[in-house]
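Chemist: what follows is a predicted structure for the sequence shown.
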Number of protein chains: 2
Amino acid sequence: MSEEINDRSRKILEAIIEDYIASAEPVGSRAVTRRHHLGVSPATVRNVMADLEEMGYLKAPHTSAGRVPTEKGYRFYIDALLQVRHFSELEKERLGWRYRLQGKKTDELLREAGKILSEISHYTGLVLAPRFSSTIFHHIEFIKLSREKTLVVFVSSSGLVQNKIIEVDDSLTQRELEQMTNYLNLTLTGLTIHEVKARILQEMAQEKALYDKLMKKALQYSREALQEEGEEEVFIEGTVHILEHPEFADLEKMKRLFRAFEQKSILVELLDKSQKTQGVQIFIGNESEYQEIEGCSLIASTFSNRRGTIGTLGVIGPTRMPYSTVIPIVDYTAKLLSHILEGDAR
Amino acid sequence: MSEEINDRSRKILEAIIEDYIASAEPVGSRAVTRRHHLGVSPATVRNVMADLEEMGYLKAPHTSAGRVPTEKGYRFYIDALLQVRHFSELEKERLGWRYRLQGKKTDELLREAGKILSEISHYTGLVLAPRFSSTIFHHIEFIKLSREKTLVVFVSSSGLVQNKIIEVDDSLTQRELEQMTNYLNLTLTGLTIHEVKARILQEMAQEKALYDKLMKKALQYSREALQEEGEEEVFIEGTVHILEHPEFADLEKMKRLFRAFEQKSILVELLDKSQKTQGVQIFIGNESEYQEIEGCSLIASTFSNRRGTIGTLGVIGPTRMPYSTVIPIVDYTAKLLSHILEGDAR
DNA sequence: GTTAGCACTCCTCTCTTTCGAGTGCTAACG
DNA sequence: CGTTAGCACTCGAAAGAGAGGAGTGCTAAC
């Protein structure tokens, strides 16, 4: 029953999707012939539309409305029809993002990237920060706060700071704490936090060989401090922007989405997924089986430093999104961020 | 023209406000007589209502609807009528908040307090974190990241960590950095960050007396690192909760509020204001001249450690709020937080 | 001063009607 | 045989028309 998709059908599908993206309203056969001069009559377009509907690329909200793309339709559009325009060097320079991002601390940098994404795209920007456990250990410090409490500060080579309060044997002098610090910094430097954990365990296994009680304690404490390391951090910027779009006039839908923003866990999962693949990835609507973000698309891309992929950033918005403009935004932001994180010698 | 407010008027005003808070719907004269047996007829109530309207405590959305409290009405209700029920010790124990808050790092603690506020009140919880400049200096550390970049980490006595990347003379050895650290820690410990800044300037003024170049540098760097210290931090938790309330069916209103959440600056200003007064404070609707939070009330209270007030927390929601239950929630949370921040020997 | 009675207002809800956009089908056309 | 014009039909959105009802203010009686 299903015809193959010939060139004319493609053109018509493309026209419908683009019109719909622009107007947020079901597209009728007339509109297609008027706005794009394809040299065919509305009747012909109607026939093609019926075919496209049967093939699952379009659907009609009701009998006497125009057609609306389905998720399958968007998918086809993105994979086969869409031509992404990349920024020219000149444009990149003009945007001035580089300027906005330079010279910031890593966490500020990531947040700012999220803001840029959201401002430019008019959707919500997401940045999944590097998991601390995959960053590179650079420094540890024990800072005694009170009799019972000691603050352990880890610094990654990119300048990310993570800290935790633990209880430390009160009898230790500041001098001994320093010795512990020196020992640990010597032993662990240059490893990823992940490797650090492994190394600690390894050293502890050889514990019997360790005649020095202090070192034993050092290992124990650093292990403790790394134990329940902070969960992944997501920066969500520009949640308001998403409200501008007509699809969120539906209160229920909106609430669900904001719930997802608040929980974050769904977003983390989703962004984590795309961490596995390089380059820009697009999740359309229900392809991701999360109810909370039904009717939404996510355009994401990974960013990296010298050692490889370390995080993901992207934009989330309704399925009806101007992909052709948002994709290069995400792409460029990711590349720029990677560039900064590398070139910065971090 | 305006009668004084006699006892009966008060009772009726109270009844109307409470009914309106419960139902979100204009309250008619019948409803008042039915739900509260005041021993008067609807007609009498109508007369009183007309008076109260003239005095500005009530208004009618239209001729044939009941009355709705004005902001002036709420204000009177809160100042003169409301009886706040405080929690008994037993209830406090049962709530188990203490348990949820104990043993956390300061920033986690504040965030968790915000979450509790929002969960219990079903509105949005706000916590204005202590300004870093008013916390007490405990420790400074220079950590070299690369040739050009050095991370400066400040730790406050409460375990708050603030850090900044600065450029440091590359010729300095790690040993010299340590000397700088020791010198600074010795000089500055126990002061508030605010005082620290002053002290740095003071020491720098005596610079000529300082024959040691290293110390001079130390001062210069630490000053640089404290220069543009991070802006105030607000934790906003439970933004979704606020959507449950009927007043936010109005999309425009909602957008405005969320814009305020995103900018934060308005909230900071507002919370900052209430920082000046001890105890629970209530801002009703337009009393605060900020458009963005029109129709909203803020219930806020300060919290403190041994040294005095250090932050503010509160709940924001529509003007129609069950003040009698929310006020003790805010009050108790603030007190509990103060208790933890003090008792914790921080 | 309080209350019952009553006319009046105005919102809300529902039911209809109208309107128009858009369709699918059919028959004619090149 | 694909394409197109014509046309009946469908269905939602918008507008209109009551009906119903809650609530008021006023007046006059208690």
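Modeler: It's in. Keep in mind that what you see is a predicted model, and the values were worked out from it rather than measured.

Chemist: residue A:266 and residue A:291 touch, don't they?
Modeler: No: using Cβ atoms under 8 Å, residue A:266 is not in contact with residue A:291, being 9.2 Å away. For glycine as for every other residue, the C-beta is placed from the backbone atoms N, C-alpha and C.

Chemist: out of those two, which sits in the more crowded spot?
Modeler: In terms of neighbours (other Cβ atoms under 10 Å in any protein chain shown), residue A:266 is the more surrounded of residue A:266 and residue A:291; the figures are 16 against 10.

Chemist: distance check, residue A:118 against residue A:191.
Modeler: Distance of residue A:118 to residue A:191, computed by Cβ to Cβ, to the nearest Å: 35 Å.

Chemist: comparing the two, which residue is more hemmed in?
Modeler: Using other Cβ under 10 Å as the criterion, residue A:118 and residue A:191 rank with residue A:118 on top: 24 against 16.

Chemist: what about the lengthiest helix in chain A, near chain B?
Modeler: When chain A is parsed with DSSP state H, its longest helix is helix A:323-343. No: against chain B, helix A:323-343 shows no contacts by Cβ under 8 Å from any Cβ of the partner chain, the least distance being 11.6 Å.

Chemist: which positions within that helix qualify as buried?
Modeler: By neighbour count on 16 or more other Cβ atoms under 10 Å in any protein chain shown, the buried set for helix A:323-343 is A:323-324, A:326-334, A:336-338, A:340-341.

Chemist: what helices or strands is that helix leaning on?
Modeler: helix A:97-101, helix A:106-121, strand A:296-305, strand A:308-318 (3 or more Cβ pairs under 8 Å, 6 or more residues apart in numbering or on different chains; DSSP states H and E).

Chemist: could you list the low-pLDDT ranges of chain A?
Modeler: The model of chain A has pLDDT under 70 over residues A:1-4, A:207-211, A:228-231, A:286-288, A:343-346.

Chemist: show me where it has its strands.
Modeler: With DSSP state E, the ranges of strands along chain A come out as A:58-59, A:68-69, A:124-128, A:137-144, A:149-156, A:161-167, A:234-237, A:281-284, A:296-305, A:308-318.

Chemist: tell me which strands the first one pairs with, and in which orientation.
Modeler: Meaning strand A:58-59. Its sheet considered, strand A:58-59 pairs with strand A:68-69 (antiparallel) by DSSP bridges.

Chemist: ok, back up a step: can you pick out the most distant pair from the buried residues of helix A:323-343?
Modeler: Spatially, the most separated pair among the buried residues of helix A:323-343 is A:324 and A:341, at 27.3 Å (Cβ to Cβ).

Chemist: what's the neighbour count on residue A:11?
Modeler: Counted with other Cβ under 10 Å, residues neighbouring residue A:11 total 16.

Chemist: list the contacts of it.
Modeler: By Cβ atoms under 8 Å, 6 or more residues apart in numbering or on different chains, the contact set of residue A:11 is A:36, A:38.

Chemist: one more time with 7 Å, if that's ok
Modeler: Residue A:11 makes contact with residue A:38, according to Cβ atoms under 7 Å, 6 or more residues apart in numbering or on different chains.

Chemist: okay, it and chain B: tell me how far apart.
Modeler: Counting by Cβ to the nearest Cβ, to the nearest Å, the gap from residue A:11 to chain B is 37 Å.

Chemist: quick one on the thing from earlier: out of the helices and strands packed on helix A:323-343, which gets nearest to residue A:83?
Modeler: Of all these, it is strand A:296-305 that lies closest to residue A:83, at 15.8 Å by Cβ to Cβ.

Chemist: how about the nearest residue to residue A:168, chain neighbours excluded?
Modeler: Closest residue to residue A:168 in three dimensions, ignoring its sequence neighbours and counting by Cβ to Cβ, 6 or more residues apart in numbering or on different chains: residue A:150, at 4.0 Å.

Chemist: can you name the residues of the stretch 1-150 of chain A sitting close to chain B?
Modeler: A:105, A:138-139, A:141, A:143, A:145-146 (Cβ under 7 Å from any Cβ of the partner chain).

Chemist: same check, this time on the stretch 201-346 of chain A
Modeler: With Cβ under 7 Å from any Cβ as the criterion, the stretch 201-346 of chain A meets chain B at residues A:239-240, A:243, A:249, A:251, A:255, A:258-259, A:262, A:345-346.

Chemist: centre of the chain to stretch A:275-290, how far?
Modeler: Between the centre of stretch A:275-290 and the centre of its chain there are 10 Å (Cα atoms, centre = their mean, to the nearest Å).

Chemist: ditto for stretch A:180-199
Modeler: For stretch A:180-199, the distance to the chain centre is 29 Å (Cα atoms, centre = their mean).

Chemist: ok, now stretch A:271-280?
Modeler: Worked out by Cα atoms, centre = their mean, stretch A:271-280 lies 8 Å from the chain centre.
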